[in-house]
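In: Need coordinates for the following:
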Amino acid sequence: MQLYDFMHRYVGSRDVSDGYVVQMSYAIKSLEQFAGRTLDTQDFTVDLLNAFLRSTRDTLSAETRRHRRGLLLTLWSHAADDNLAPPPRPRKVMPIRVPQKLHSAWTPQQVRQLLLAADRLEGRVFQNGVSQRWYWRSYILAAWDSGLRGCDLRRIRQEDVGGNGLVVLIQRKTGKRVQSLLRAGTLEAIGQSFPPQRETIWGEWSRIAVWRHHAKTLVTRAGLTGSIGRLRHSSGTAVELAHPGRGHEHLGNTRRIFEQNYLDMQQAFQAKPMPERLV
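Out: As a prediction, this is how the structure comes out:
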């Protein structure tokens, strides 16, 4: 059976996202481009996967290479379960080591710069008539208070916010429940963004790429670097500085994930013991 045909058979019986299907398609396409032909499930071999992964060393990031390795091994394993491929040997397929990254977060003063940039915005969003100033001011404050991902913030409806500012929702990425508390100033900013009435408080008024372009423009006007998503890193790092060891609770992560993916180590640096001074 051809790999693409088996992929559709595989995903058709599983609860996977459209993005997962797209990524699996990319993995198959790149493997077939490397092989120079259409591949069948019987073509899976350790030598083929190792040669493919080796060929991508200078063209793909370590994260992408590891992800595609995992996707192809998943297909191989399930094809073997259906007697459509030889038994997989994952331990013989080269591991892809992904180096840790240093993450940057904005300081509270820098987030205030972002708020000032939002306060200088004039007019309304053409598509839905919401005040640009109050849309972005309330969004920034909510992101800072809650530490939520943008994809979760943009799903929040007015009725999801309790009178005391409590928001309880299921995270889109992890499927886990998380509770966040929005401060009085944030609730006031949200109120100022109404009318007009709308389904969600910060829903995208256009394609996500357009929304991100507007967000990036705001960040640039504030004299900052990075994307609007850095608010999540900044919120978690600020909590870690105020309450050491608890930043991951604020973001709803495990400690390991928080330190690897969100914590700004420059801000959170704690002096380690040093040997005796020599000079």
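
In: make it CA atoms for all contacts and neighbour counts henceforth
Out: Noted.

In: where are the low-confidence patches of the protein?
Out: For the chain, residues meeting the criterion pLDDT under 70 lie at 126, 271-272.

In: If we use 80, what do you get?
Out: 126-128, 204-206, 270-274 (pLDDT under 80).

In: quick one, domains of it?
Out: Per the record, the chain has its domains at 3-92, 108-261, by automatic domain parsing.

In: Can you show me the helices along the stretch 151-279 of the chain?
Out: Ranges of helices in the stretch 151-279 of the chain, per DSSP state H, counting those that start in this stretch, are 184-192, 208-221, 230-242, 247-251, 255-261.

In: Quick check: which helices or strands does the third one pack against?
Out: Spelled out, it's helix 230-242. The contact analysis (3 or more Cα pairs under 8 Å, 6 or more residues apart in numbering; DSSP states H and E) places helix 230-242 against helix 108-119, helix 132-146, helix 247-251.

In: what does the longest one give?
Out: Helix 208-221 sits against helix 108-119, with contacts defined as 3+ Cα pairs under 8 Å, 6+ apart.

In: How far off centre is the helix it packs on?
Out: 23 Å (Cα atoms, centre = their mean, to the nearest Å).

In: repeat for stretch 95-106
Out: 14 Å.

In: Contacts for it next, please.
Out: 62-63, 65-66, 230-231, 233-234, 237, 260-266 (Cα atoms under 8 Å, 6 or more residues apart in numbering).

In: again, only this time at 10 Å
Out: Residues outside stretch 95-106 that contact it (Cα atoms under 10 Å, 6 or more residues apart in numbering) are 50, 53-54, 57, 61-67, 69-70, 111-112, 114, 224-226, 229-238, 259-267.

In: tell me which residues of that stretch are tucked away?
Out: Buried residues in stretch 95-106, defined by neighbour count with 16 or more other Cα atoms under 10 Å: 96, 103-106.
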